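1. pasting the sequence and the predicted coordinates here, then a few questions.
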Amino acid sequence: MKNTLILSSSFEMFSLTHLIVFLICALLLLIFYKYAPKLKTFKYEKYVRISIGIFMLIFELLTWINKFSEGYPWYNFLPQATCGWAIYFGVILLLTKNETIFRIIFFWGFGAVLTFVFPDVTEGPNTFRFYQFFISHFFIFISCYYMMWVHDFKIYRKDFKFSFIITMSVIFIATIVNYIVNDPNIINYFYTLAPPTDGTPLDLIYGLHPIIYVVGWLSLATLLTHLYALPFYTKK
């Protein structure tokens, strides 16, 4: 592994920095898993939940301000994939406790898992983008797990089908936009034009044929999303 931890302006996948970030986030999730249920009886639990939601929202607004100050074009302000949408809907979930939103975005947590394994970021620890990227994706887990471990929200196998229909509908619309622009370096929503980053298993099928790539990528994502949810399914 290359040591890119010391205030580097660049980030490399599978570097020491990547490993440390992964371990820190895993540790924080374990701590949250242990202590989150205690919030059930906490007098001010409501304010904790709302504060987390507001923090997520403010962090995204700071991201918008940062992009605007650097002159990013309009399409960089739209959510890139399920993770981007999960952040915004996660805010709504925490503020409203809406179970329908929970049933949709819980499965999108798999996208956050992929993000931590294959990060689509090139900026290093001395940049705002580095912290925005990992902190935002970490709170995708927190928003859903909070509702499960504090408010006893349940996830059922039937919810997978519901989330799948919503997700594929959004991807279909996004893919139309992708092919209108037809340049993955400009717009690549849901990564239906090309893999999000080099060095992933998707490289094996990318370039064979656009249809083969899209079908293969969405099939793999669907399978892994289902596997991600298996430990959380509740039996009636």
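-> Received, thanks.
2. tell me the contacts of the residue lying closest to T192 once chain neighbours are set aside?
-> Nearest residue to T192, sequence neighbours excluded (CB to CB, 6 or more residues apart in numbering): T175, at 4.6 Å. For the C-beta atoms, the positions are set from N, CA and C on the backbone; glycine is no exception. Shown in contact with T175 (CB atoms under 8 Å, 6 or more residues apart in numbering): Y189, F190, T192, V214.
3. who wins for most neighbours among the residues you listed?
-> In terms of neighbours by other CB atoms under 10 Å, the contacts of T175 top out with F190 at 27 neighbours.
4. ok, that residue touching F172?
-> No. With contact defined as CB atoms under 8 Å, F190 does not count as touching F172 (9.5 Å).
5. mutual contacts of these two, please.
-> Between them, F190 and F172 share no contacting residue under CB under 8 Å, 6+ apart.
6. related to what we said a few turns ago, adding distance to Y35 and pLDDT, write the contacts of T175 out as JSON lines.
-> Below are the contacts of T175 laid out as JSON lines (distance: CB to CB, whole Å; pLDDT from 0 to 100):
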{"residue": "Y189", "distance to Y35": "37", "pLDDT": "91"}
{"residue": "F190", "distance to Y35": "35", "pLDDT": "92"}
{"residue": "T192", "distance to Y35": "39", "pLDDT": "91"}
{"residue": "V214", "distance to Y35": "42", "pLDDT": "92"}
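7. now intersect those residues with the helices, please.
-> Within the contacts of T175, residues falling in helices by DSSP state H are V214.
8. and the helices in this protein?
-> Taking DSSP H, the helices of the chain run over residues 16-35, 45-69, 82-96, 99-105, 109-117, 128-149, 157-181, 210-229.
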